[in-house]
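**Q** coordinates only, no sequence provided:
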């Protein structure tokens, strides 16, 4: 008994129907809800899938399509293709002109998305912290930090610098870095094991992987120049051994240092003195143990810092906003601009972050708002 041949016409028709269904649902979600990576990915993949099906459909139905375009009626003009093309051009033209009803419909969707995002924001919990040294007389500002899905226990620093790269002052520095207080000595139990992912996210018992020892006396042997290399080079403090790391804190660092927030936070702070009209605000963040396929634990075997006991893994990431105090809008969103050196060899910002994965998801957003007047 012969098997039935594949009915390609039915296959294409059913595939187009299912693809259009997915596009319809994902379009509604994108119109009504805040951006979600999964929905956007679904919409993109099925959009290209439908494009391939369309090309296949045209290839298999080229003759019928040519017939549709020919004039087979009593009149000399075939109105079907002209009407279809005319409607397409009309809609395109109205969208270009931002036709009132279309624009109202779009803004209605924006309102729905904003309301949904507001509900999500209301579910976020923030820690409040005020860092305003008595000697500070400059601008007041608030920094809103919302953590990303892979934020666990990072080190980070927020600082100001001029447009030509001159360090102005810190705004917040995690205490471990400011005081070089890396007293927790972590040793890998199996020296031959290679990490290609964060070992604390695999479900394994961490005590089977690492051995922990609290050793304050040897903390100066565990300096972390690779933790925040861009900030540390801007800070310009070196240890007695020549590493670009402060061996102990300074009054300025002490004034703006604090505990590592492990949740979202709102930081209220103040500049030491009046700021220039234009400057940069930067944040650098780095999380140990966040290995990936490229930044595996054996990636740089001859690099003593990267392959040492700091478990640096993916390098730091740097976010930045250019502030212009002449702007009417006092709110700035920091954007990812690059990564630091994987072992802290220099303080340059490398704009190529293509090898990073979870490091780019430590931060969901950082927003800075400047305030007029004095509290």
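**A** Perfect, I can see it now. Keep in mind the model is a prediction, meaning the values are calculated, not measured. Numbering: from 1, shown residues only.

**Q** can you give me the strands in this structure?
**A** Using DSSP state E, the strands of the chain run over residues 126-131, 140-147, 155-161, 167-174, 184-188, 210-214, 257-258, 264-270, 278-286, 317-324, 331-333, 335-339, 363-371.

**Q** wait, doesn't residue 57 sit right on residue 9?
**A** No - contact criterion CB atoms under 8 Å: residue 57 and residue 9 do not qualify, at 9.1 Å. From N, CA and C alone the C-beta is placed, and that goes for glycine too.

**Q** what bridges to residue 321?
**A** Counting by DSSP bridges, residue 321 is bridged to residue 281.

**Q** that one touches residue 333, doesn't it?
**A** Yes - between residue 321 and residue 333 a contact is recorded at 6.4 Å, counting by CB under 8 Å.

**Q** those two: which has the busier surroundings?
**A** residue 321 (19 against 11; other CB atoms under 10 Å).

**Q** now do the same contact list for that one.
**A** Residue 321 makes contacts with 280, 281, 332, 333, 334, 335, 368, as judged by CB atoms under 8 Å, 6 or more residues apart in numbering.

**Q** mind checking how far the fourth one is from residue 288?
**A** Residue 333 sits 27 Å away from residue 288, going by CB to CB, to the nearest Å.

**Q** cool, and the last one?
**A** Between residue 368 and residue 288 the computed distance is 26 Å (CB to CB).

**Q** ok, which stretches of the stretch 201-350 of the chain are helices?
**A** Taking DSSP state H, counting those that start in this stretch as the criterion, the stretch 201-350 of the chain carries its helices at 206-209, 229-235, 251-256.

**Q** mind giving me the packing neighbours of the last one?
**A** Put plainly, it is helix 251-256. Counting contacts by 3 or more CB pairs under 8 Å, 6 or more residues apart in numbering; DSSP states H and E, helix 251-256 packs against strand 167-174.

**Q** pLDDT score assigned to residue 38?
**A** Per-residue pLDDT puts residue 38 at 83.

**Q** tell me how this structure divides into domains.
**A** The chain breaks down into these domains under automatic domain parsing: 8-118, 126-371.

**Q** so how far is the longest one off the chain centroid?
**A** This means domain 126-371. For domain 126-371, the separation from the chain centroid amounts to 15 Å (computed by CA atoms, centre = their mean, to the nearest Å).

**Q** ok, residue 315 - contacts?
**A** With contacts defined as CB under 8 Å, 6+ apart, residue 315 is in contact with 226, 229, 286, 295, 339, 340, 341, 342, 356, 359.

**Q** one more pass at 6 Å, please.
**A** 339, 340, 342 (CB atoms under 6 Å, 6 or more residues apart in numbering).

**Q** circling back: between residue 57 and residue 9, who's got more neighbours?
**A** Set residue 57 next to residue 9 and count neighbours by other CB under 10 Å: residue 57 wins out with 18 against 11.

**Q** can you tell me the closest non-neighbouring residue to the more buried one?
**A** Nearest residue to residue 57, sequence neighbours excluded (CB to CB, 6 or more residues apart in numbering): residue 12, at 5.6 Å.

**Q** what's around that neighbour, how many residues?
**A** Neighbour count of residue 12, defined by other CB under 10 Å: 16.

**Q** report pLDDT for it.
**A** In this model, residue 12 carries a pLDDT of 78.

**Q** pLDDT-wise, which helix or strand of this protein ranks last?
**A** Lowest by mean pLDDT, DSSP states H and E among the helices and strands of the chain is helix 100-122, with a mean of 66.

**Q** of all the strands of the chain, which one is nearest residue 62?
**A** Nearest to residue 62, of all the strands of the chain, is strand 335-339, at 46.8 Å by CB to CB.

**Q** give me the buried positions along that closest one.
**A** By 16 or more other CB atoms under 10 Å, the buried positions in strand 335-339 come out as 336, 337, 338, 339.

**Q** return the member of the residues you listed nearest to residue 303.
**A** residue 339 (15.7 Å).

**Q** shouldn't the closest one be in contact with residue 354?
**A** No - checked against CB atoms under 6 Å, the pair residue 339 and residue 354 is beyond contact range at 9.9 Å.

**Q** show me the shaky parts of the stretch 201-350 of the chain.
**A** 217-222 (pLDDT under 70).

**Q** how distant is stretch 359-374 from the center of its chain?
**A** Centroid displacement of stretch 359-374 relative to its chain, using CA atoms, centre = their mean, is 13 Å.
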